[in-house]
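Q: model this:
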Amino acid sequence: MGLLMRYVYLFPLNINYAFLLHAHSHVAILGWAYLMIYVLIVRFFIPEEKKEKPVYNRLFWLTEFSVIGMMISFPIQGYALFSIIFSTMHIILSYVFCRLLWKDIPKEKTPAEILLRASVLFVVFSTFGVWCLGPAVGMLGKESVFYQIAIQFFLHFQFNGWFLFAVLALFLKQFEDKIDTKSFKTFFILLITATFLTFAFPVSWFIKSSFLSGINTFGVIVQLIAFVFFYKMLRPQIRTFKATLDPSAKRVYGLAFGSLFLKISIQLLVLIPNLAEVSHQVRNFVIGFIHLTTLGIITGFLIGILIQNKLLSPQSYLLRTGLKSFIFGYIGTELFLFLQGGFIYFRNEALFGYREGVFVMSFLIVIGLILIVASIFKKILKLCL
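A: Numbering: from 1, shown residues only. Below you'll find the model as predicted:
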């Protein structure tokens, strides 16, 4: 869907771009990211005797059904009856999942489990923004500040709360008792605090206030300090950890941590008032930042965990080639998006060859993902034979 969106810029088709955009974003977030995290949480956090309960399997396929419903309905009708039904169904199913997790996760209070419980709370908390959309449209309309802030509320606490905390929980699960608990507690408190404070930034797009800017500045600095403690917490384990990794896993984890570093750096940069103003006005910057989080951080951590735990075969030529294509395509699209944004901001003109270049890079992402999927089917076929 993302590739098709790039294609129509070069060769116009009779399709509704906005409807396709809604489908692309919902399927990417609620399909790929949500369902992969679902599977890994059940695999690594739920005790065996509870994992066997059919409810997890049934809930997964009901959630899959809701995603397929969105995948079909959004390109056809955008936000309308059926797409809203399937979106609402997904939210309700996510509540059921959160309830199951809260009950079944062991109450040992390890760093990974603490992060996971926080991520579960963020799932529920983020959806408050969705429930505000109906009243916002009915009372004030889609162009209202309330409506826009409600959308940003959902997105902020999904990306920076649910998804980030969940992938960090999955990553830290492998370290178990090797983590300095004192550093972890400081990291956890600071990251929770920063997650709430930095919501002031998207709110400041619609409500101009120096007070909001000050809150965001404090939040970004707190976030930076949080990840300093994160590094301090893992530093004694880094050398041993790297020694156990396959080159493919190293490459993908490098992508994840590199993207995380860039995300924090960009948030520090937009503390500069002029850059803060332009950061949401130039669409290329917005898309680049979203992809930095979804394709770089979230996908990077998820694929790294899959390879490290041999759920994806690191010996597979298809997988290795697919990963290289995906990573090259991702880095290429990010460069084109941010360069195009820079050209618009500084020179008020388009980057030469931007549309063609970003389409080719997006094509490499799709080819890479197809090869990764092919490696999975090849592995399954071998097991069946």
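Q: Give the buried residues for the longest helix along the chain.
A: What stands out as the longest helix in the chain, according to DSSP state H, is helix 210-243. Using 16 or more other CB atoms under 10 Å as the burial criterion, the residues of helix 210-243 that qualify are 212-213, 215-217, 219-223, 225-227, 229-230, 233-234, 241. Using the backbone N, CA and C atoms, a C-beta is placed for each residue, glycine as well.
Q: Could you do stretch 124-136 as well?
A: Val124, Phe125, Ser126, Thr127, Gly129, Val130, Cys132, Leu133, Ala136.
Q: cool, and stretch 145-158?
A: Buried residues in stretch 145-158 (16+ other CB under 10 Å): Tyr147, Gln148, Ile149, Ala150, Ile151, Gln152, Phe153, Phe154, Leu155, His156, Phe157, Gln158.
Q: Nearest to Leu115 among these?
A: Nearest to Leu115 among the buried residues of stretch 145-158: Phe157, at 14.9 Å, using CB to CB.
Q: how close does that closest one sit to Ile37?
A: The gap separating Phe157 from Ile37 is 15 Å, by CB to CB, to the nearest Å.
Q: In CSV: the buried residues of stretch 124-136, plus pLDDT, secondary structure and distance to Leu170.
A: Formatted as CSV, the buried residues of stretch 124-136 follow (pLDDT from 0 to 100; DSSP: H, G, I helix; E, B strand; the rest coil; distance: CB to CB, whole Å):
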residue, pLDDT, secondary structure, distance to Leu170
Val124, 96, helix, 19
Phe125, 96, helix, 20
Ser126, 96, helix, 19
Thr127, 95, coil, 22
Gly129, 91, helix, 25
Val130, 90, helix, 25
Cys132, 88, coil, 30
Leu133, 85, helix, 30
Ala136, 79, helix, 34
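Q: Cys98: which of those residues is nearest?
A: Distance to Cys98 across the buried residues of stretch 124-136 (CB to CB) is lowest for Val124, with 5.8 Å.
Q: these two touch, right, the closest one and Cys98?
A: Yes. With contacts counted by CB atoms under 8 Å, Val124 reaches Cys98, the gap being 5.8 Å.
Q: Centroid-nearest residue for the protein?
A: By CA atoms, centre = their mean, the chain has its centre lying nearest to Thr294, at 3.6 Å.
Q: thought that one was touching Ala28?
A: Yes. Look at Thr294 against Ala28 with CB under 8 Å: they come within range, at 6.3 Å.
Q: which of the residues in the helix or strand that contains Leu59 are buried?
A: Assigned by DSSP states H and E, Leu59 belongs to helix 54-77. Buried residues in helix 54-77, counted by 16+ other CB under 10 Å: Tyr56, Leu59, Phe60, Thr63, Ser66, Val67, Gly69, Met70, Met71, Ser73, Phe74, Pro75.
Q: Repeat that for stretch 80-94.
A: Ser83, Phe86, Ser87, Met89, His90, Ile91, Leu93, Ser94.
Q: the strands in the stretch 101-250 of the chain, which residues?
A: In chain order, the stretch 101-250 of the chain shows no strands, with DSSP state E, counting those that start in this stretch as the criterion.
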